[in-house]
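Trainee: Build me a model:
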Amino acid sequence: MRRLTSTLLMAATGLLIVRYKVLIGRLTKLTTAAVLSVGLMASAASAATILNLTGSRANLGALETYSVDDITVEVTSVGGNIHRNGNGLGVTGNPDRNRLGSNGTAFETLTFSFSQSVKLLSSLVFEHSSDVEIFEILDGDSNFLAQFRIMGGRGGNDNRSSVVAVEMDDLDLVGDTFTFRHTSGSGIRINQLTVLATVPLPAAMPMALLAFGGLFVLGRRRKKV
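Mentor: The predicted structure follows:
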């Protein structure tokens, strides 16, 4: 009788161990898949997107749409229609000859509305001459975010136009809507924007956390056995 009981206990223990191993194997595969999915999603989202705003001369109206790297951007203007040429986007009419300009309290604006939350990394701004240009960036609720002062030309008495790189990475400008508002100078054009899509909690993250939790619980049970 004792021998039979011992044999049954050994068989039950062996079956339990086999089931634990199968379950651990499944959880390991699930965890590996989840981690790889999270890593791939984060890697894809970490690539910067460059929005080139130059092109042939045209009056684009009140709305222009761009699509790059699965990000859609709607551009709207205040003070006139959107005007494009080989130096970037401006606003039609006075002041400043179709550049993004200002006149006293009349500030022209270009608003960029993204299909998802992004971080502004940098902008290339076309500056007409050696004047000091001042422009601001506002959020979707017209709240002030940052102000920039740029100087075009080549210095000295050289008044030739130039494209100025404006770095924004350290300002943590994150959102889905940004408005560029010119406040002083002879006018600018937005030549290019570089943005980084912000990474939400991936759909695979809860699955990965659940799998890790399951492995932890099974590990503790195995130690007790």
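
Trainee: tell me which residues in the strand ranked longest in the chain are buried?
Mentor: Taking DSSP state E as the criterion, the chain has its longest strand at strand 109-127. Residues 109-114, 118-127 are the ones in strand 109-127 that count as buried (16 or more other Cβ atoms under 10 Å). Quick note: C-beta positions are derived from backbone N, CA and C, even for glycine.

Trainee: quick one: strands adjacent to that strand?
Mentor: Next to strand 109-127 in the sheet, as set by DSSP bridges, lie strand 71-78 (antiparallel), strand 162-167 (antiparallel), strand 174-184 (antiparallel), strand 188-197 (antiparallel).

Trainee: quick one: the closest residue to Ser122 other than its chain neighbours from Ser67, how far?
Mentor: Nearest residue to Ser122 in three dimensions, chain neighbours excluded: Thr194, at 4.6 Å (Cβ to Cβ, 6 or more residues apart in numbering). Counting by Cβ to Cβ, to the nearest Å, the separation of Thr194 from Ser67 is 16 Å.

Trainee: One more: Ser186?
Mentor: 32 Å.

Trainee: Neighbour count: these two, which is higher?
Mentor: Between Ser186 and Ser67, Ser186 has the larger neighbour count (other Cβ atoms under 10 Å), namely 20 against 10.

Trainee: Quick check: which ranges of the chain have low pLDDT?
Mentor: Scanning the chain for pLDDT under 70 picks out the ranges 1-46, 94-96, 129-130, 152-160, 199-225.

Trainee: the helices in it, which residues?
Mentor: For the chain, the helices defined by DSSP state H occupy 2-45, 204-224.

Trainee: Which strand residues bridge the closest residue to Ser184 other than its chain neighbours?
Mentor: Leaving aside its sequence neighbours, Ser184 sits nearest to Ile134 (Cβ to Cβ, 6+ apart; 4.1 Å). Counting by DSSP bridges, Ile134 is bridged to Arg149, Ser184.

Trainee: Does Ile134 touch Ala146 like I think?
Mentor: No - at 11.5 Å, Ile134 does not count as touching Ala146 under the criterion of Cβ atoms under 8 Å.

Trainee: Okay, Val125 and Arg57: tell me how far apart.
Mentor: Look at Val125 and Arg57: by Cβ to Cβ, they are 19 Å apart.

Trainee: I meant to write Val78 there.
Mentor: The gap separating Val78 from Arg57 is 21 Å, by Cβ to Cβ.

Trainee: which of these two has more neighbours?
Mentor: Legend: neighbour count by other Cβ under 10 Å for Val78 and Arg57, higher for Val78 (14 against 10).

Trainee: wait, isn't that one in contact with Gly101?
Mentor: No - look at Val78 against Gly101 with Cβ under 8 Å: they stay out of range, at 11.9 Å.

Trainee: Next, show the common contact partners of these two.
Mentor: Residues touching both Val78 and Gly101 (Cβ atoms under 8 Å, 6 or more residues apart in numbering) are 91, 108.

Trainee: From the structure, what's the count of residues near Met143?
Mentor: Rather than Met, residue 143 is Asn. With other Cβ under 10 Å as criterion, Asn143 counts 9.
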